[in-house]
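Colleague: Sequence and predicted structure, then a few things I'm wondering about:
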Amino acid sequence: MQKRLSRAPLLASSLAAVFLAAPLLAAGAGSAEAATLTIATVNNPDMLIMQKLSPEFTKETGIGLNWVVLDENTLRERVTTDIATKSGTFDVVTIGTFETPQWGKNGWLDPIGDLGAAYDMNDIFPSVRAGLSYKGTLYAVPFYAESSMTYYRKDLFQAAGLTMPAQPTYDDIAKFADKLTDPAKGVYGICLRGLPGWGENMAFLTTVVNTFGGEWFNMKWEPQLTSAPWEKAISFYVDLMKRDGPPNATSNGFTENLALFSTGKCGMWIDATVAAGYLYDPSKSKVAADVAVAPAPVDVTPHGAHWLWSWALSIPSTSRHEADAKKFLAWATSKSYIDLVGTTDGWVAAPPGTRLSTYQNPNYLKAAPFAPLVEQSILTADPEHPTLNPVPYTGVQFVGIPEFQGIGTTVGQDIAAALAGQTSVSAALAKAQASATRSMTEAGYIQ
Amino acid sequence: MDATTLPRQEMAGDSLARHRRRSSWLLLSPAVILLGLWAFVPLVMTLLFSFQRYNLLYPERRGFVGFRNYSYLFSDPAFWTAIANTLVLVLGVLAITIVLGIAFALLLNQNFPGRAVARLMVIAPFFVLPPVAALVWKNLLFDPLDGLLGWLFTLVGLHPIAWFTTDPMTALVNIVAWEWTPFATLILLTALQSLDTDQLEAARMDGAGPVNRIIYIVLPHLGRPIAITIMMESIFLLSIFAEILTTTAGGPGSATTTLTYLIYIRALLDFDIGGASAAGVIAIVLANIVAIFLMRAVARNIEA
């Protein structure tokens, strides 16, 4: 006679097993330990240095730091999700000049407020502060900022008998590029971004359109991609690249062009000021002795000819350690931190573009001969007046609306098609105009 | 066996079997319930989201909108290009990997000196992370200025091809096929090792040449593994993303924008959960259609 297993305990134990398993699945909630901050950040050299120096912060304040390093797009996605769903995982987030004003407007970030007299808020570049504010309230403190400028090869210019003017125009650049191009010797007159992306080719092309007198949207939020300045600017770019650019330009972004220039294949390059630290370093660049810098070129107007970007630290409003996070923010962007980096890692590694005092420090100026031009470029980049005509948006090389990521990338793809010779510039711009209008209507900007 | 005692034994056996079934079902239920939750909750939520207007950046503007996300997607001119590109990518890679997989499997099934090393080298590409593989191909092999292929072209006097500008889809199919051929090779090699050598011997003695042996004995035997490989590969190939992002970013134009990449641009860059879910549902339907057609095509050619 076999013993029968009675049903009730069996059922109870099965259900118990399910419910026991459930909390294990839901594990991972951020426990509110007294003194550890979770920081979400990008993998850029300044952040790597900050991670390396974080034991100094812990020594000073007793607060531990937990770093979550992600690539730019994943970071944006995770931080947006964290804030929008109010999960409170991150205490400090790294955000840029693109999203700071938008998130500040949504109330997702804590205003920075007063960090004390020793912090010297006025020492932070005013233009960068403006890029990180919404209606006058600062929502993030910068640890890195950049603009764009022209890099060129002194030796090639000398050999061709050319001189770079103090403020080049795009016509000058075209003439120089035509003279410098020599594919047989492996030198291309000019290397420019061609990889599609709102932060890749469109970052550069937006500055070209700005300085040619164009804008992304008029005051009624209607896209202007088929206007005369756009046609002129994009035709200029496509023709210049076809004549004097390297092959495969449509898959060249910042990184690829940096490699091309530093191995001596480009006569000129217009891109981020942060590349200077790399190009002037003889251990990293073959052309360190021959590179020189000039301001980014202009055309009809100087407005928006060189861009402004900053990575900054901010505290989400959902953070549970706001006081400690503020301490970290103040430490990581203070004058003493910059001194710390200068003395431990070398002055050329000091965070660029954030404090005016850095650009008066003789140690920094000695290590970075391009610094005065970088300072000048960042100070004169104005995200609130990026164009010839008035516009309803802010941002020099982007449009500060959330929809711009999708719109900018799609337009970038269409222009890459024109560069690859698949379509004409007019056809590409017409296609871009149609899709941008569609997106703006769908998003409710155009009534 | 007495006829009168049989029913009583049967009843005892019956209730034991019934009891066993019931208690086994109860003991399995935790695993089944968890699996069901894991599988169905995301699917149901995706379906629900696809009928809503839900953008993470404007969480207050949320509500039921019926088929609006779908009609917006279908009216997008890039949408049909994306579907065409997806089919080209999936079918191209499938064709190359199956053919090369069979060839490598036949080769590696033979005994030759250095076979272990050869096997390792054929399998290795599968373990290279997709972005790494894509970057190696883009910068070291396909690059017209600095790449190996460009250099080889100049050796024979040809002008190097700028792959990612003029033939981006060819280059992309190449990269993905390089990554997935080891997968097909592994499955087919294992299947090949279960082939009865007696049949092959008999056929050889009857005078069948090697080509005929392959066509009439080996291939039918491999029919089911080929079907499995097609199914599994198409599931993964439909979501190829990293290679496109690191090489061409979907361009130039929409030459390499697949459905997955279109979802990324339209929905993820804009944090449009509703639109992303609708596109995801369409991707599921596409995957199922592709799978059904391929299964039918392969099943028709299997005798077993």
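Modeller: Everything's here; your move.
Colleague: Please give me every residue in contact with residue A:268.
Modeller: A:150-153, A:173, A:176-177, A:180, A:189-191 (CB atoms under 8 Å, 6 or more residues apart in numbering or on different chains). To be clear about C-beta, it is placed using only N, CA and C from the backbone, and glycine gets the same treatment.
Colleague: Assign a three-state SS to it, would you?
Modeller: Look at residue A:268: counting by DSSP: H, G, I helix; E, B strand; the rest coil, its state is strand.
Colleague: For burial, what's the neighbour tally of residue 213?
Modeller: Unless you meant another one, I'm taking chain A. 20 (other CB atoms under 10 Å in any protein chain shown).
Colleague: nope, chain B
Modeller: Residue B:213 has 15 neighbours, counted by other CB under 10 Å.
Colleague: about what we covered before: just the contacts of residue A:268 now: which is nearest chain B?
Modeller: residue A:191 (10.8 Å; CB to the nearest CB).
Colleague: returning to what we had before: now the contacts of residue A:268 in TSV, with neighbour count, pLDDT and secondary structure?
Modeller: What follows is the contacts of residue A:268, written out as TSV (neighbours: other CB atoms under 10 Å in any protein chain shown; pLDDT from 0 to 100; DSSP: H, G, I helix; E, B strand; the rest coil):
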residue	neighbour count	pLDDT	secondary structure
A:150	22	95	strand
A:151	27	96	strand
A:152	25	95	strand
A:153	21	95	strand
A:173	24	95	helix
A:176	24	95	helix
A:177	22	95	helix
A:180	22	94	helix
A:189	25	93	strand
A:190	25	95	strand
A:191	27	96	strand
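Colleague: Save those as CSV, and put in distance to residue A:289 too.
Modeller: Output for the contacts of residue A:268, formatted as CSV (distance: CB to CB, whole Å):
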residue, distance to residue A:289
A:150, 18
A:151, 14
A:152, 14
A:153, 10
A:173, 23
A:176, 20
A:177, 22
A:180, 18
A:189, 21
A:190, 21
A:191, 19
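Colleague: Would you mind confirming that residue A:271 makes contact with residue A:190?
Modeller: No: judged on CB atoms under 8 Å, residue A:271 makes no contact with residue A:190 at a distance of 10.9 Å.
Colleague: wait, is residue A:393 part of a strand?
Modeller: No: using three-state DSSP, the secondary structure at residue A:393 is coil, not a strand.
Colleague: Give me the local confidence score for it.
Modeller: Per-residue pLDDT puts residue A:393 at 92.
Colleague: try residue A:90
Modeller: On the pLDDT scale, residue A:90 is placed at 92.
Colleague: what does residue A:344 give?
Modeller: 87.
Colleague: And the closest residue to it other than its chain neighbours, its phi and psi?
Modeller: Leaving out its chain neighbours, the residue that sits closest to residue A:344 by CB to CB, 6 or more residues apart in numbering or on different chains is residue A:53, at 7.0 Å. Main-chain torsions, residue A:53, degrees, to the nearest 10: phi -90, psi 0.
Colleague: Next to chain A, which bits of the stretch 101-250 of chain B? Give me the list.
Modeller: Within reach of chain A by CB under 8 Å from any CB of the partner chain, the stretch 101-250 of chain B has these residues: B:138-139, B:143-146, B:160, B:162-166, B:247-250.
Colleague: what phi and what psi does the backbone show at the residue of the stretch 201-304 of chain B found nearest chain A?
Modeller: Closest to chain A within the stretch 201-304 of chain B is residue B:253: 2.9 Å, counting by CB to the nearest CB. Dihedral pair for residue B:253: phi 70, psi -130, per degrees, to the nearest 10.
Colleague: which residues does it contact?
Modeller: A:413-414, A:416-417, A:420, A:422-423, A:428.
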